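Novice: dropping a prediction and its sequence here:
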Amino acid sequence: DLLTDVVLPVTVDALVPWSDLRPTRRDLMALSGIVLGNAADMAACFPELWSTAAAARQDRSRSVTNCYYRDLYNSQMSHSSAEVTYRPQGAGHRARTAR
């Protein structure tokens, strides 16, 4: 991928609009070093990205086309990635996963 405003001696294979490449909220969460699976936790830990758990749930339910999400969700993680299980403090909380 080339992002430049300088003319280069290369043949362009395809032009892709920025709207197709712009990072999603899930991309921004991943940049922090973690991908949470629980919508309530996503909203609690990243209120600047999701104002409510419902907003995070809706965002999570959209189809994701970025390849690293496919890799993460298919458990084809890189050697530097890990899946962890955690359970929030308090009664009634179930175990949750994060990557």
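Specialist: Good, I have the coordinates.
Novice: only C-alpha atoms for contact and neighbour calcs from this point on.
Specialist: Will do.
Novice: tell me where the protein has helices.
Specialist: Using DSSP state H, the helices assigned to the chain run over residues 18-21, 25-31, 39-45, 53-61, 67-73.
Novice: tell me which of these sits nearest to residue 92.
Specialist: Proximity to residue 92 (Cα to Cα) singles out helix 39-45 among the helices of the chain, at 14.0 Å.
Novice: so which of the helices of the chain is nearest residue 86?
Specialist: Among the helices of the chain, helix 39-45 comes nearest to residue 86, with 11.1 Å by Cα to Cα.
Novice: run through the neighbouring helices and strands of the closest one.
Specialist: helix 53-61 (3 or more Cα pairs under 8 Å, 6 or more residues apart in numbering; DSSP states H and E).
Novice: so which bits of the helix it packs on are buried?
Specialist: By neighbour count on 16 or more other Cα atoms under 10 Å, the buried set for helix 53-61 is 53, 55-57, 59-60.
Novice: from those residues, pick the one nearest residue 6.
Specialist: Ranked by distance to residue 6 (Cα to Cα), the buried residues of helix 53-61 are led by residue 59 at 36.0 Å.
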